[in-house]
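J.: What follows is a predicted structure for the sequence shown.
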Amino acid sequence: MKYSTLKSFSIQTILGRRDVWAGQVIRLPEDKAKSLISAGLIEPLKQTFEKLFHEHCQRMGKFSLTMNEIKQEDPTLYEKIRQVVKGIDRAWLAEDLAGVKGAMAEVERLYGLAEDEINTIIESVKRELQQSGCYS
C-alpha cells in the first residue's frame with residue numbers, strides 16, 4: 001500500500017538505513033505501516049488525497065463563478081479547465097501526489113483568470129452604460 005510521509009525520518013530496511021523525507025510517497029506492507037501511522041510519520045495516500053481535495057474545494061468555494069458561467073463567457077477557457085479537472089482524476093487514479101497537487105493548483109489558477117476576465121468585461125459594460133446614461 002502507498003503512504004504519504006508527513007515528517008522526515010530514518011528507517012532500517014534489509015538493505016540498510018534509509019532516509020525518508022516529508023512529502024515523499026512510499027510503499028509499505030500494511031503491518032509495517034501501522035507503527036509509523038501511530039507515530040504520525042505517515043498516512044495512507046488516499047487520506048492525503050482526500051485532505052488535499054477538501055482544501056481544494058474550500059479554495060474553489062471562494063470563486064464566485066460557476067463552470068456554466070465560464071462556459072458561456074469563454075468556451076475555450078472552460079474546456080481548458082475541464083481538461084485539467086480530468087487530469088486531477090487521472091493523477092488520483094495513478095496515485096500521483098505531485099500530479100494531483102499540480103492539477104488542483106492549475107484549476108485554481110485558471111478559475112482566477114476566468115474571474116478576472118469576466119469581471120473586466122462586466123466593468124467595461126458598466127462603464128459603457130454609465131457613459132450612455134443608461135446605468136448609474
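T.: All right, it came through fine. Treat the numbers as computed from the prediction; the structure is a model and nothing was measured.

J.: tell me the contacts of Met117?
T.: Met isn't right for residue 117; it's Glu. Contacts for Glu117 (Cβ atoms under 8 Å, 6 or more residues apart in numbering) come out as 73-74, 77. C-beta coordinates here come from the backbone N, C-alpha and C atoms, glycine included.

J.: In terms of helices and strands, where is it?
T.: Taking DSSP states H and E as the definition, Glu117 sits inside helix 97-131.

J.: Just give the number of residues close to the nearest residue to Arg59 once chain neighbours are set aside.
T.: Spatial nearest neighbour of Arg59, chain neighbours left out: Glu108 (5.7 Å); criterion: Cβ to Cβ, 6 or more residues apart in numbering. As a burial measure, Glu108 scores 16 neighbours (other Cβ atoms under 10 Å).

J.: if I look at Glu108, how far off is Thr76?
T.: Applying Cβ to Cβ, to the nearest Å, the value for Glu108 to Thr76 is 18 Å.

J.: right, and the residue nearest to Arg59 touches Gly61 too?
T.: No: at 11.1 Å, Glu108 does not count as touching Gly61 under the criterion of Cβ atoms under 8 Å.

J.: re the thing from before, may I see the buried residues of the helix holding Glu117?
T.: Within helix 97-131, the residues that count as buried by 16 or more other Cβ atoms under 10 Å are 97, 100-101, 103-104, 106-108, 110-111, 114-115, 118.

J.: As CSV, these with distance to Glu69 would be great.
T.: Below are the buried residues of helix 97-131 laid out as CSV (distance: Cβ to Cβ, whole Å):
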residue, distance to Glu69
Leu97, 31
Val100, 26
Lys101, 26
Ala103, 21
Met104, 20
Glu106, 19
Val107, 15
Glu108, 16
Leu110, 14
Tyr111, 11
Ala114, 8
Glu115, 10
Ile118, 7
